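Enquirer: sequence and predicted model, in that order:
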Amino acid sequence: MPVMGGGNDFMDWLGPDMSIKVLMCLEDPSDLVRASTVSKSWRQFVIENGFSKQLCLRMFPEMSSFAGAIEISNMIKIEEVQSNGMEQEILEKNHKVFACLAKGLSSSLRPDCIAQAISASSTDNYPEEAIENTLSPGDRILQSASYWSSEGEIDPSIPESLVYKLISNFSVVTEIHVQPFQAYFQYGHPIYSSKAVRFRMGHQWFPMERSSDATNDPAAGFNALEDRYVWTYTSPIFPMAQENSLQKFMLPEPAFCIGGILLIELLGRVQRQEMDGLYYICVSHVQVVGRSFSEEFDIEIHDPSGKCTLKYLPRAQEECQSAIAPGGFDTVLSLMQSDGRSIEQMIMERLLGAEGDDDSDDSDEYYLPAF
């Protein structure tokens, strides 16, 4: 960054009030990272004014419940702290946490947050009517019907459940879409919806495993769910219409899902099948809308209480030189050339306070509170 006439820094020339207004206009976490690498005084200015936290909350208002984050014994806990009374150490650690979150979460909503179907509480005809069919949009694939069907029940109050793995271990979910199935091949074209629906989100019991034979067992029943998962969020109950449409259920407020497991509870049955007199629930498609961590970030859960580690895993192949203004950041560029690391990794390490020559894994791990 060039200096102004007389050797003054750009911020000194503008003054603190105008400098704050300028930096508050930044809308991309990478721009704020670059600003904090200009000099020690710029980094101090960014930290003391909490720009990373303010940007994170502007990008993701659902995170406003975080009043502060303090690292104690390698864990971060929530603490109510007034901004004018924060000590420098607290500001530094808040800066690390919120910079990670702003960088790690994508800025736009995506409608395809489901990675895979895990299990259903029951399946009438497996695999023809398996839960995997709900990942395909619509109710037909070529000339064949595509849907999941529960087993038939005499009692219409018996619930069913569907379990999915989201694309990230840490996601912010805003709405969930469910489409009941209309049996166009049966007389009267009945729609096998449920009376209501409820959603739970959470993680596997400690230790959390990315893949497991038990997790992918299609015969897993409802009673096994409480033994395999910890639910950290439960939505209100939403009524479901008996309509062949993709019904959208907006959560009261965006919900954090740490662990990447979604449970859809289908409560009550409304349609009886004419040929056997039993009640069924059938679903043709499920969507989850939300934000998720980018590929460079991951969550590791340590115990059933939900305490977890946020890990930053930079991609060595990523090149960010085109995003850097010509003539600036000569020190960062020279360091990158000397040790072979990417400019993005150098910038993130500078922002997070890591030493340039520290190759230990600890420098890439930052801890979050249990939600």
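Expert: Yep, it's here.
Enquirer: which one is residue 43 nearest to, not counting chain neighbours?
Expert: Take residue 43 and drop its neighbours on the chain: the residue closest to it by CB to CB, 6 or more residues apart in numbering is residue 36, 4.6 Å away. Where you see a C-beta, it was placed from the backbone N, CA and C, and this is true even at glycine.
Enquirer: distance-wise, check that neighbour relative to residue 173.
Expert: Summarising the geometry, the distance separating residue 36 from residue 173, computed by CB to CB, to the nearest Å, is 31 Å.
Enquirer: got it, and residue 275?
Expert: For residue 275, the distance to residue 173 equals 38 Å [CB to CB].
Enquirer: confidence score at residue 117?
Expert: Model confidence at residue 117, given as pLDDT, is 97.
Enquirer: what's the answer for residue 161, then?
Expert: Looking at residue 161 specifically, the model assigns a pLDDT of 97.
Enquirer: then residue 8?
Expert: At residue 8 the predicted local distance difference test score is 64.
Enquirer: ok so, going back, of residue 275 and residue 173, which one has the most company?
Expert: Between residue 275 and residue 173, residue 173 has the larger neighbour count (other CB atoms under 10 Å), namely 24 against 9.
Enquirer: quick one, what contacts the more buried one?
Expert: Residues in contact with residue 173, defined by CB atoms under 8 Å, 6 or more residues apart in numbering, are 113, 166, 201, 251, 254, 255, 257, 262, 288, 289, 290.
Enquirer: same deal with residue 163?
Expert: Each residue near residue 163 by CB under 8 Å, 6+ apart is listed here: 117, 118, 119, 120, 220, 225, 229, 261, 262, 263, 264.
Enquirer: the last one - that's part of a strand, no?
Expert: Yes. Assessed with DSSP: H, G, I helix; E, B strand; the rest coil, residue 264 lies in a strand.
Enquirer: and it, bridged to which residues?
Expert: residue 162, residue 199 (DSSP bridges).
Enquirer: try the first one
Expert: With DSSP bridges applied, the residues forming beta bridges to residue 117 are residue 164.
Enquirer: please report how far it lies from residue 264.
Expert: When CB to CB is the yardstick, residue 117 and residue 264 sit 11 Å from each other.
Enquirer: same check on the third one?
Expert: Spatial separation of residue 119 from residue 264 under the definition CB to CB is 11 Å.
Enquirer: need the overlap of contacts for those two.
Expert: 162, 163.
Enquirer: could I get the buried residue list for the helix or strand containing residue 233?
Expert: Assigned by DSSP states H and E, residue 233 belongs to strand 229-234. Using 16 or more other CB atoms under 10 Å as the burial criterion, the residues of strand 229-234 that qualify are 229, 230, 232, 233.
Enquirer: now, which of these sits nearest residue 47?
Expert: For the buried residues of strand 229-234, the minimum distance to residue 47 (CB to CB) is 30.7 Å, reached by residue 232.
Enquirer: what sits closest to residue 118 if chain neighbours are left out?
Expert: Spatial nearest neighbour of residue 118, chain neighbours left out: residue 163 (4.3 Å); criterion: CB to CB, 6+ apart.
Enquirer: neighbours around the closest residue to residue 192 other than its chain neighbours, how many?
Expert: Leaving aside its sequence neighbours, residue 192 sits nearest to residue 282 (CB to CB, 6+ apart; 3.8 Å). For residue 282, the count of nearby residues is 28 (other CB under 10 Å).
Enquirer: same question, residue 262
Expert: By the other CB under 10 Å criterion, the neighbourhood of residue 262 contains 25 residues.
Enquirer: isn't it right up against residue 288?
Expert: Yes. Applying CB atoms under 8 Å, one finds residue 262 in contact with residue 288, separated by 6.4 Å.
Enquirer: out of the contacts of residue 163, which is most surrounded?
Expert: Among the contacts of residue 163, residue 120 has the most neighbours (other CB under 10 Å), with 29 neighbours.
Enquirer: how many other residues sit next to the closest residue in space to that one that isn't next to it in sequence?
Expert: Distances taken as CB to CB, 6+ apart place residue 131 nearest to residue 120, at 4.3 Å, with adjacent residues excluded. By other CB under 10 Å, the residues close to residue 131 number 25.
Enquirer: quick one: pLDDT of residue 53?
Expert: At residue 53 the predicted local confidence, pLDDT, stands at 81.
Enquirer: could I get the contacting residues of it?
Expert: Applying CB under 8 Å, 6+ apart, we find residue 53 in contact with 94, 95, 98.
Enquirer: repeat that for 6 Å
Expert: Applying CB atoms under 6 Å, 6 or more residues apart in numbering, one finds that residue 53 lies in contact with 94, 98.
Enquirer: buried residues, the strand or helix carrying it. List them.
Expert: Take DSSP H and E as the rule and residue 53 turns out to sit in helix 51-59. By 16+ other CB under 10 Å, the buried positions in helix 51-59 come out as 51, 52, 53, 54, 55, 56, 57, 59.
Enquirer: quick one on the thing from earlier: now do the residue nearest to residue 192 against residue 123, distance only.
Expert: Taking CB to CB as the criterion, residue 282 is separated from residue 123 by 11 Å.
Enquirer: what's the weakest-modelled helix or strand in this protein?
Expert: helix 330-339 (a mean of 37; mean pLDDT, DSSP states H and E).
Enquirer: having no further points to raise, I will conclude here.
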